[in-house]
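Enquirer: Fold the stuff below for me.
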Amino acid sequence: MTTVLTPVEGEAVGLAAVPDPVFSAGMVGPGTAIDPLRGPGKAVAPIAGKIMKLHPHAYVIVGDDGKGVLVHLGIDTVQLKGEGFRLLATEGDRVCAGQAVVAWDPSAVEGGGRSPVCPVVALDALSDAVTGVAQGRVQAGDELFIWE
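Expert: Numbers count the residues shown, from 1 in each chain. Next up is the predicted model:
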């Protein structure tokens, strides 16, 4: 069992609220999404492990149990080519759950005409493997869901 933490402060809205069919239909995997608080902030590691992929707008952390969690900071943010994001860690780093990974500003993402909603996905998990999904207001580092 893996406890996945909330990477950003905001409102837990569920994957169905993500304006991208790949995420909203659960094709990437089960999980939820956070509509982030507007303003500069930091996105933290949802689990302890190794940063396997790190882009300014998204990262994957794989725990010692082999479970990988994807955090995607906004939708279509790859088009920003890193603008508005600052890496606070390096690909290959080992991180603790709750450790800051990326600094960003959701209001700048939104101001550029993109959704700042952040999917948090259990990669390669069965749809029923995720339970106890948080709803409503969440703080970075709060329990977001359990991956059985």
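
Enquirer: can you list the residues that contact the lengthiest helix in the chain?
Expert: Using DSSP state H, we find that the single longest helix of the chain is helix 106-111. The contact list for helix 106-111 (Cβ atoms under 8 Å, 6 or more residues apart in numbering) reads 8, 10, 36-39, 41, 73-74, 77, 80, 84, 115-116. (C-beta placed from N, C-alpha, C; glycine too.)

Enquirer: Show me what counts as buried in it.
Expert: Within helix 106-111, the residues that qualify as buried are Pro106, Ser107, Ala108, Val109, counting by 16 or more other Cβ atoms under 10 Å.

Enquirer: out of the contacts of helix 106-111, which one sits closest to Thr90?
Expert: Lowest distance from Thr90 to these (Cβ to Cβ) belongs to Leu73, with 17.0 Å.

Enquirer: Touching, that closest one and Val44? I think so.
Expert: No: if you go by Cβ atoms under 8 Å, Leu73 and Val44 don't touch, sitting 11.5 Å apart.

Enquirer: Could you check which of these two is surrounded by more residues?
Expert: More neighbours surround Leu73 than the other of Leu73 and Val44, with 27 against 22 (other Cβ atoms under 10 Å).

Enquirer: what's the more buried one in contact with, if anything?
Expert: Val8, Ala43, His57, Ala58, Phe85, Val102, Trp104, Pro106, Val109, Pro116, Cys118.

Enquirer: quick one: the strands in this structure?
Expert: Using DSSP state E, the strands of the chain run over residues 2-5, 10-12, 31-36, 41-44, 49-55, 58-62, 68-72, 85-87, 94-95, 100-104, 118-122, 130-131, 136-138, 143-147.

Enquirer: which neighbours does the first one have in its sheet, and in what orientation?
Expert: Partner strands and pairing direction for strand 2-5 (DSSP bridges) are strand 143-147 (antiparallel).

Enquirer: what residues does the strand it pairs with touch?
Expert: Against strand 143-147 from outside (Cβ under 8 Å, 6+ apart): 1-7, 12, 31-32, 34, 46, 67, 69, 120, 122, 125, 129-134, 138.

Enquirer: buried residues in that strand?
Expert: Buried-residue list, strand 143-147, by 16+ other Cβ under 10 Å: Leu144, Phe145, Trp147.

Enquirer: Stretch 120-128 too?
Expert: Using 16+ other Cβ under 10 Å as the test for burial, stretch 120-128 gives Val120, Val121, Ala122, Leu123, Ala125.
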